[in-house]
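K.L.:
using only what follows, build the 3D model:
(chains A and B)
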2 protein chains.
Amino acid sequence: MDDYPHFEIAQGVVFCPVFGRNLSLNFVAFPPNSGFPTHAHPEEQISIVREGEMEITVGDMTRMVVPGDVIVFPSDVPHSGRTFAQACRLIDIFSPPREGLREMIAGADPVRPADVDRWWRPAAEPSA
Amino acid sequence: MDDYPHFEIAQGVVFCPVFGRNLSLNFVAFPPNSGFPTHAHPEEQISIVREGEMEITVGDMTRMVVPGDVIVFPSDVPHSGRTFAQACRLIDIFSPPREGLREMIAGADPVRPADVDRWWRPAAEPSA
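P.N.:
Numbers count the residues shown, from 1 in each chain, chains lettered A, B, ... in the order given. A predicted model of the protein is given here:
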């Protein structure tokens, strides 16, 4: 995934989408004190938390999520998320592919891994 | 994902499937010197390598994959994989959901995380 284009769609918020035919992925990174506003989309989404933590709301349920947590976002259910002192890295998975992400990255500049990594303390880096 | 049922479908080969409506995940672990035989399925698959390494063949292409690698398995393309000295942990993602996995785990006993972790050296454990 390091060789794939990364796009900074807001300050420190980095998307790295991968499109298949039936499904798409997005490797996402949220810096501290960021997040995404309440929104909904017809694509089913399942997310996996890789590093850090985040407060996620799905419908009327709110939880702090940590690495290893798996979150199911059913089709058309409003959801939001925010980080606090810690950044958060997740894998978002969509089916059908979330074509809307193509528009979101269209206006964003590709960023180098170093631009992404500035949001992470060395201790939070994956061993690989 | 640690709270989700894990199933040992062969010695040391552990599946942890998660089913959505449009897509499904499978957290898989292959011990050293194991793998999966050539097979094909209509479900599109994308896999993400979490830890270790594995030799993966998709169609006529063979590659060693390492953490961070993303592998796309198009529908109906034969594929196989094998580990050598190192174990390998991956996330398999399918769309539509790979219902066939329900049969594969039907005859398997649930295993405790400790049963899974015996295949991993402490140094290979994720920091979280």
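
K.L.:
need the next SSE after the longest helix seen in chain A, C-terminal direction.
P.N.:
Looking across chain A with DSSP state H, the single longest helix is helix A:100-106. Counting by DSSP states H and E, the element after helix A:100-106 in chain order, helix or strand, is strand A:110-111.

K.L.:
related to what we said a few turns ago, residues touching the longest helix of chain A, excluding its own?
P.N.:
Residues from elsewhere that reach helix A:100-106, judged by C-beta atoms under 8 Å, 6 or more residues apart in numbering or on different chains: A:Phe7, A:Ile9, A:Phe15, A:Pro17, A:Ser24, A:Asn26, A:His41. Just so you know, the C-beta spots here come from the backbone N, C-alpha and C atoms, and that holds for glycine as well.

K.L.:
helix or strand for the residue most central in space within chain A, which one?
P.N.:
Nearest to the mean C-alpha position of chain A, by C-alpha atoms, centre = their mean, lies A:Val28 at 3.1 Å. For A:Val28, the host element (DSSP H and E) is strand A:24-30.

K.L.:
lowest-pLDDT helix or strand in chain A?
P.N.:
Ranked by mean pLDDT, DSSP states H and E, the helix or strand of chain A with the weakest confidence is helix A:113-117, at a mean of 59.

K.L.:
now the strands for chain A?
P.N.:
Under the criterion DSSP state E, chain A contains strands at A:6-10, A:13-19, A:24-30, A:35-39, A:44-52, A:54-58, A:61-65, A:70-73, A:79-82, A:88-95, A:110-111.

K.L.:
which one of those strands lies closest to B:Arg63?
P.N.:
Closest approach to B:Arg63 among the strands of chain A is made by strand A:13-19 (16.4 Å; C-beta to C-beta).

K.L.:
and the closest one, what does it pack onto?
P.N.:
strand A:6-10, strand A:24-30, helix A:100-106 (3 or more C-beta pairs under 8 Å, 6 or more residues apart in numbering or on different chains; DSSP states H and E).

K.L.:
one more pass at 6 Å, please.
P.N.:
Applying 3 or more C-beta pairs under 6 Å, 6 or more residues apart in numbering or on different chains; DSSP states H and E, one finds that strand A:13-19 makes contact with strand A:6-10, strand A:24-30.

K.L.:
quick one, the shortest one and strand A:13-19 angle?
P.N.:
So that's strand A:6-10. Inter-element angle recorded for strand A:6-10 and strand A:13-19: 130 degrees (by axes from the mean of the first three to the mean of the last three C-alpha atoms, to 10 degrees).

K.L.:
tell me if strand A:6-10 is near chain B.
P.N.:
No. Judged by C-beta under 6 Å from any C-beta of the partner chain, strand A:6-10 and chain B are separated, with a smallest distance of 12.6 Å.

K.L.:
check which residues of that strand are buried.
P.N.:
A:His6, A:Phe7, A:Glu8, A:Ile9 (16 or more other C-beta atoms under 10 Å in any protein chain shown).
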